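In: Return a 3D structure for these sequence lines:
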Amino acid sequence: MTGVAVVTGGARNLGRAIVLALARGGYDVVINAHTDAEGAEKVAAEAREIGVEAVCALADVASADQVRGLFATADELGPLRVLVNNAAIRTHVPAYNVTADDWESARRVTLDGAMHCVFEALPRLRSGGGGAIVSIIGGNALRGDPHRFHVSAAKYGLVGMTKGLAAACAADRITVNAVSPSNMEPGPGAAEQEVQRRRDAVAATVAFLTSPGGVDVTGQLIEVGSER
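Out: Residues are numbered from 1 along each chain as shown. Next up, the predicted model:
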């Protein structure tokens, strides 16, 4: 399967690892960031070194209008085959201090942003004969985090979205899955190599789900990570 992959929040950290894993799988990539043009361009340059086309697209995924522009950029590269919903707000706020504004910010980027991207991606994937949607969850959402319950709520919305879309889109050969890093922060003093290993493990799972080998996997929530 070749074509274009859109990765939101793709300018650094896990997003960067996912972009490069998809590039190694042969996808041309659109690296979305909200404002980090420099970071997105660095990742694009790395992807081009692998041998694929790569472009940056600054857009706030919370804005439906800006998301339309993001996918117009993707159309210029070729047919869309993959959407990875990685953009998120992950603010730390003690539970008793969370405000409506905190919730609104987390929901608008994490859940509404993913929905805006899905609305744009679905007709493109359907008309193109299929493809893959992968949403990134997080260990804090699955096990609970006393400083991120609002983030967990938004992330769990992505799980429901994944399950519903997988059932709705199977006949159109569109797979829809969620991948959750178990623990991306191994602790104070952890070697950067260990942090990167964990990111690469998550990215490899995303790459599998978007490869020919993953065409029969849909509607799954896959947790990736270890405490070794």
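In: Lowest mean pLDDT among the helices and strands, pick that one out for the protein.
Out: Among the helices and strands of the chain, helix 139-143 carries the lowest confidence by mean pLDDT, DSSP states H and E, at a mean of 79.
In: what element comes up after that helix heading to the C-terminus?
Out: Downstream of helix 139-143, the first helix or strand assigned by DSSP states H and E is helix 149-169.
In: State the mean pLDDT of that following helix.
Out: For helix 149-169, mean pLDDT rounds to 95.
In: follow-up on the earlier one: neighbouring contacts of the least confident helix or strand of the chain?
Out: 90, 148, 151-152, 155-156, 180-184, 223, 225 (CB atoms under 8 Å, 6 or more residues apart in numbering). The way it works is simple: take the backbone N, C-alpha and C, and place the C-beta from them, glycine included.
In: Can you flag the buried ones in these?
Out: Neighbour-count burial (16 or more other CB atoms under 10 Å) applied to those gives 90, 148, 151-152, 155, 180-184, 223, 225.
In: Partner strands of the longest strand anywhere in the chain, with direction?
Out: Longest strand in the chain, counting residues (DSSP state E): strand 174-181. With DSSP bridges as the test, strand 174-181 is paired with strand 131-136 (parallel), strand 221-224 (parallel).
In: JSON lines for those strands, including distance to Ile18 and mean pLDDT?
Out: Shown next, in JSON lines, are these (distance: least, CB to CB, whole Å; pLDDT from 0 to 100):
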{"stretch": "strand 131-136", "distance to Ile18": "8", "mean pLDDT": "98"}
{"stretch": "strand 221-224", "distance to Ile18": "12", "mean pLDDT": "95"}
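In: Mean neighbour count, these: which tops it?
Out: Neighbour counts (mean count of other CB atoms under 10 Å) averaged over each of these peak at strand 131-136, with a mean of 27.
In: Okay, angle between that strand and helix 149-169 too, please.
Out: Inter-element angle recorded for strand 131-136 and helix 149-169: 160 degrees (by axes from the mean of the first three to the mean of the last three CA atoms, to 10 degrees).
In: Which parts of this protein are helices?
Out: For the chain, the helices defined by DSSP state H occupy 13-24, 37-50, 64-77, 100-107, 113-127, 139-143, 149-169, 192-209.
In: Now the last one: average pLDDT?
Out: It refers to helix 192-209. Helix 192-209 carries an average pLDDT of 92.
In: and the angle from that helix to helix 13-24?
Out: With the same axes, to 10 degrees defining the directions, helix 192-209 sits at 50 degrees from helix 13-24.
In: Please pick out the residue of the chain most distant from its centre.
Out: Farthest-out residue of the chain from its mean C-alpha position, per CA atoms, centre = their mean: Tyr96, at 29.3 Å.
In: mind checking pLDDT for that one?
Out: Listed pLDDT for Tyr96 reads 93.
In: Repeat that for the one 10 residues further on.
Out: Model confidence at Ala106, given as pLDDT, is 93.
In: That one reaches Tyr156, doesn't it?
Out: No. The criterion here is CB atoms under 8 Å, and Ala106 misses it with Tyr156 at 11.5 Å.
In: ok, how many other residues are close to Gln220?
Out: Neighbour count of Gln220, defined by other CB atoms under 10 Å: 15.
In: Tell me how far stretch 205-216 lies from the chain's centre.
Out: 14 Å (CA atoms, centre = their mean, to the nearest Å).
In: Same question for stretch 22-42.
Out: 12 Å.
In: Quote the end-to-end distance of that stretch.
Out: One end of stretch 22-42 to the other measures 16 Å (CA to CA, to the nearest Å).
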